[in-house]
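[1] attaching a predicted model along with its sequence, questions to come.
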There are 2 protein chains.
Amino acid sequence: MSPRRVTLADVAKTAGVSSTTASLVLSGRTKELRISRDVEQRVLEAAERLQYRPNIVSVGLRTGTTRTIGFVSDTVATSRLAGDMIKGALEAARERGVMLFIGETEGETELERRLLQAMYDRQVDGIILAAMYTRTIKVPRGLRPAPAVLLNALPEQPSRLPSVLPDEVEAGRAAARVLLEAGHREGIHLIGAGPGPHDVPGGTVAAVERLIGINEVLGAAGVGIAGGRVFPDWQPDYGLAATRALLETDRPRALICFNDRVAFGAYQALDDVGLKVPADVSVVSFDDHPIASWMRPKLTTVALPHYELGRRAVDVLFAEMGRPSPEEGGRDGRTGRVHRVEMPLRERESVAPPAA
Amino acid sequence: MSPRRVTLADVAKTAGVSSTTASLVLSGRTKELRISRDVEQRVLEAAERLQYRPNIVSVGLRTGTTRTIGFVSDTVATSRLAGDMIKGALEAARERGVMLFIGETEGETELERRLLQAMYDRQVDGIILAAMYTRTIKVPRGLRPAPAVLLNALPEQPSRLPSVLPDEVEAGRAAARVLLEAGHREGIHLIGAGPGPHDVPGGTVAAVERLIGINEVLGAAGVGIAGGRVFPDWQPDYGLAATRALLETDRPRALICFNDRVAFGAYQALDDVGLKVPADVSVVSFDDHPIASWMRPKLTTVALPHYELGRRAVDVLFAEMGRPSPEEGGRDGRTGRVHRVEMPLRERESVAPPAA
DNA sequence: CATGGGTGCTAAATCGTATTAGCAATGCGC
DNA sequence: GCGCATTGCTAATACGATTTAGCACCCATG
């Protein structure tokens, strides 16, 4: 039989004091409650010797705080990047001595409701509601009982929940800048969205915002976009098909692909017609998926900072937990803050000055 | 102020009974404890109307069971596949009404110890100890307090813990069979391990077992292995380099790559010298990483069943939790069972009969 | 009419901790 | 020698459930 857990009462007994005293000492309140040095030492020593660890379940019952937060996402597994987001959250949580519950909703409202319930039943101190690709989400009703943060998502309806998002507009600017700085002024094509601001796959925030950034920088330099191709899903085969179609009519000098999988497909199409990257065509992309550095030449891309997003979500959640809960009808009912996380440019080998 | 949670006492009061009775009814023990139909109805109705949900923290304190399990892995984020393992575990857990704590050890013993502590402090009912690539691990001391399962890992020292692993030997057989069935009898090269049984990257169980399976099937058919190349890490650039080196001296007819990233590199090397897959060289691989179906031609590979591994780990853990804890010195101290999960072959486009 | 045996419910203890309220002992002023 | 503050600790309660022990009532029995 496994030895029973050491309890506070055990510590108190071996130290020869009441459990009240033991509790006081172990929560470091000896000063304000005038416990003698001697007793303090005895308790600390007993706790150390018995390897005492507070039972968090009990503490949770007593205080209502469990040092636990819930991470609810639509999908964990769709991309390697999702894992990074969890990893970031995990590490930030660990630094604070907090554990993470993980749950997947598969995008189903009913599952989501049940999952949140299960977490509240376990008295989580807060909730991170994450989307695996940046999009707007319906904030579930009954997200009341604990502070919450939206991660990689914006609320469909105005909400007082804060959100943490990649800075996609700036990412768009960065991608455009890379091409400008290499000397590109014409033949710049978009693969995955554009050229118009409404030519985007359904529901993606990323496409819209990246387009804004791209247009802003290119526009300011007096450079036009030669063309753009939208398709429903940013996968390699679509990228391949779209680039192929493009090559039938145009001779692009530079491609802005809306993610690395699309760029992977674009590489294949360029290869098929004998065009070399970057000598003939420069390619810049977004996400920094692992394949970006497996491709030849290695792909220059603006990274989605998934790890950092996860960390920030925990930071913001803690700030949220610290603040007094918004009173009914209080003036704090303004919409939640939007935190933007920088998307770093990874310059590799796929961009070069246009050939003369 | 958020409305206080509904407690069992609230239900009891509105039903006009004691909380003992309410508890009895809600745990379905009305029969054995002779509660009247009438009272039963009143309680159920009250619970329904008040939307009562038991506080699991409280239940946890009272009964010691929290309907929570801990998933401790070395890394979550290294691969897309790791996410699938978590996903499988998550879904299996959800079906049983159990939540998952997630934690990462980064391979550090101290972190692992602290993580397990934190989980035990929260009274988890069981622990899944996972490795992100199949290997032997040192079972941490103090894995005592709750049932545990090894996932994708074998214990270094004999241990009574059960483990769940992909059936790598059979996977090796499958890979060899694919080539044999296509008619390959010679020029079969191994990229990533071999040709000898000890030519494996350090610590990988997968390489050893895959080699066994490959040798068994090829040997039984009287077919020899033309050669093998080991390197420390199964990444694309190593695959590229190894295949390049191979091509300088040999003209292979078929490649067995030890994972898809290696195969990705091998494709590049073959492409460089103008060899076509599968017309000139057949390629078969392991893992079924997403790129396997992005590559052209699509890669035939034996899939690592990560999702299924995750599910099975939960199944096995539950079986473990069901059984009485092994008494000190009981005869149940034999080594834990090893559960093998089938690795399904994904036949795609990279294998063809050898050219005449 | 005391005894005994169901029947249908409840009081109270328990899990391990935090916290409020208060108690005994001491010293001090007057 | 009495009141009063201060010091240093403890008893008791609460958190929200489960579970053990048992109580009150009714009916039948001899």
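    Structure's in. What do you need?
[2] OK, contacts around the residue lying closest to A:Leu33 once chain neighbours are set aside?
    The spatial neighbour of A:Leu33 that comes closest, neighbours along the chain excluded (C-beta to C-beta, 6 or more residues apart in numbering or on different chains), is A:Leu24 at 5.3 Å. Every residue, glycine included, has its C-beta placed from N, CA and C. When contacts are counted by C-beta atoms under 8 Å, 6 or more residues apart in numbering or on different chains, A:Leu24 touches A:30, A:33, A:35.
[3] you'd agree the last one is in a helix?
    Spelled out, it's A:Ile35. No. Under DSSP: H, G, I helix; E, B strand; the rest coil, A:Ile35 falls outside any helix and is assigned coil.
[4] can you list the low-confidence ranges for the stretch 51-200 of chain A?
    The model of the stretch 51-200 of chain A has pLDDT under 70 over residues A:76-80.
[5] residue numbers of it in contact with DNA strand C?
    Within the stretch 51-200 of chain A, the positions near DNA strand C by C-beta under 7 Å from any atom of the strand are A:52-55, A:58-59, A:61-63.
[6] if we use 6 Å, what do you get?
    Counting by C-beta under 6 Å from any atom of the strand, the stretch 51-200 of chain A comes close to DNA strand C at A:54-55, A:58-59, A:61-63.
[7] output these in CSV, with secondary structure, neighbour count and distance to B:Phe286 appended to each entry.
    Shown next, in CSV, are those (DSSP: H, G, I helix; E, B strand; the rest coil; neighbours: other C-beta atoms under 10 Å in any protein chain shown; distance: C-beta to C-beta, whole Å):
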residue, secondary structure, neighbour count, distance to B:Phe286
A:Pro54, coil, 15, 46
A:Asn55, coil, 19, 45
A:Ser58, helix, 17, 48
A:Val59, helix, 17, 47
A:Leu61, helix, 18, 49
A:Arg62, helix, 10, 51
A:Thr63, helix, 10, 50
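[8] could I get the full set of helices for the stretch 1-150 of chain A?
    Remark: helices assigned in the stretch 1-150 of chain A by DSSP state H, counting those that start in this stretch are A:8-15, A:19-26, A:37-50, A:56-63, A:80-95, A:109-121.
[9] mean neighbour count, the ones you listed: which tops it?
    Comparing those by mean neighbour count (mean count of other C-beta atoms under 10 Å in any protein chain shown), helix A:80-95 comes out on top with a mean of 23.
[10] partners of A:His339 in the sheet?
    A:Val164 (DSSP bridges).
[11] let me see the contact set for A:Phe231.
    Applying C-beta under 8 Å, 6+ apart, the residues contacting A:Phe231 are A:192, A:201, A:238, A:241-242.
[12] at 6 Å what do you get?
    By C-beta atoms under 6 Å, 6 or more residues apart in numbering or on different chains, the contact list for A:Phe231 reads A:238, A:242.
[13] ok, now the one 5 residues further on?
    By C-beta under 6 Å, 6+ apart, the contact list for A:Pro236 reads A:261, A:264-265, B:294.
[14] how about the residues you listed in JSON lines, adding distance to B:Leu345, pLDDT and neighbour count?
    Converted to JSON lines, these look like this (distance: C-beta to C-beta, whole Å; pLDDT from 0 to 100; neighbours: other C-beta atoms under 10 Å in any protein chain shown):
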{"residue": "A:Arg261", "distance to B:Leu345": "25", "pLDDT": "96", "neighbour count": "26"}
{"residue": "A:Phe264", "distance to B:Leu345": "25", "pLDDT": "97", "neighbour count": "25"}
{"residue": "A:Gly265", "distance to B:Leu345": "26", "pLDDT": "97", "neighbour count": "26"}
{"residue": "B:Trp294", "distance to B:Leu345": "19", "pLDDT": "95", "neighbour count": "21"}
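[15] got CSV for these, with secondary structure and distance to DNA strand D too?
    Shown next, in CSV, are those (DSSP: H, G, I helix; E, B strand; the rest coil; distance: C-beta to the nearest atom of the strand, whole Å):
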residue, secondary structure, distance to DNA strand D
A:Arg261, helix, 47
A:Phe264, helix, 52
A:Gly265, helix, 54
B:Trp294, coil, 50
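[16] tell me the SS of the spatially most central residue of chain A?
    Geometric centre of chain A, nearest residue: A:Leu309, 3.4 Å, by C-alpha atoms, centre = their mean. Secondary structure assignment for A:Leu309 (three-state DSSP): helix.
[17] I figured it hits A:Glu342, correct?
    No. The criterion here is C-beta atoms under 6 Å, and A:Leu309 misses it with A:Glu342 at 10.5 Å.
[18] is it correct that A:Ala242 falls within a helix?
    Yes. When three-state DSSP is applied, A:Ala242 is found to be in a helix.
[19] show me what contacts it?
    A:191, A:229, A:231.
[20] quick one: the residue nearest to the centre of chain A from B:Val273, how far?
    Note on A:Leu309: its distance to B:Val273, by C-beta to C-beta, to the nearest Å, is 42 Å.
[21] make CSV out of the helices of the stretch 1-150 of chain A and add distance to A:Thr301.
    As requested, the helices of the stretch 1-150 of chain A are exported to CSV (distance: least, C-beta to C-beta, whole Å):
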stretch, distance to A:Thr301
helix A:8-15, 54
helix A:19-26, 51
helix A:37-50, 51
helix A:56-63, 42
helix A:80-95, 12
helix A:109-121, 32
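[22] make sure A:Ala207 is actually in contact with A:Gly192.
    No. At 7.1 Å, A:Ala207 does not count as touching A:Gly192 under the criterion of C-beta under 6 Å.
[23] neighbour count: the two, which is higher?
    Neighbours were counted for A:Ala207 and for A:Gly192 using other C-beta atoms under 10 Å in any protein chain shown; A:Gly192 has more, 33 against 27.
[24] residue numbers of chain A in contact with chain B?
    Neighbours of chain B within chain A, by C-beta under 6 Å from any C-beta of the partner chain: A:2, A:53, A:56-58, A:60-61, A:76-77, A:80, A:83-84, A:86-87, A:90, A:99-102, A:104, A:118, A:121-123, A:144-145, A:236, A:294.
[25] switch the cut-off to 7 Å
    A:2, A:53-58, A:60-61, A:66, A:76-77, A:79-80, A:82-84, A:86-87, A:90, A:99-104, A:117-118, A:121-123, A:144-145, A:236, A:264, A:268, A:291, A:294, A:296, A:325 (C-beta under 7 Å from any C-beta of the partner chain).
[26] ok, longest strand in chain A?
    Identified as the longest strand of chain A according to DSSP state E is strand A:126-137.
[27] now for it, which elements pack on it?
    strand A:68-73, helix A:80-95, strand A:148-155, helix A:205-220, helix A:306-322 (3 or more C-beta pairs under 7 Å, 6 or more residues apart in numbering or on different chains; DSSP states H and E).
[28] just the C-alpha atoms of it, please, in CSV.
    Extracted in CSV, the C-alpha atoms of strand A:126-137 (Å, rounded to 0.1, in the frame of the first residue of the first chain):
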residue,chain,number,x,y,z
GLY,A,126,-8.9,31.2,-16.0
ILE,A,127,-9.5,30.1,-19.6
ILE,A,128,-7.5,30.6,-22.8
LEU,A,129,-9.7,30.2,-25.8
ALA,A,130,-7.5,29.5,-28.8
ALA,A,131,-8.0,29.2,-32.5
MET,A,132,-5.5,27.3,-34.5
TYR,A,133,-5.6,29.7,-37.5
THR,A,134,-6.3,33.3,-36.9
ARG,A,135,-10.0,34.0,-37.2
THR,A,136,-13.1,35.5,-35.6
ILE,A,137,-14.9,33.3,-33.2
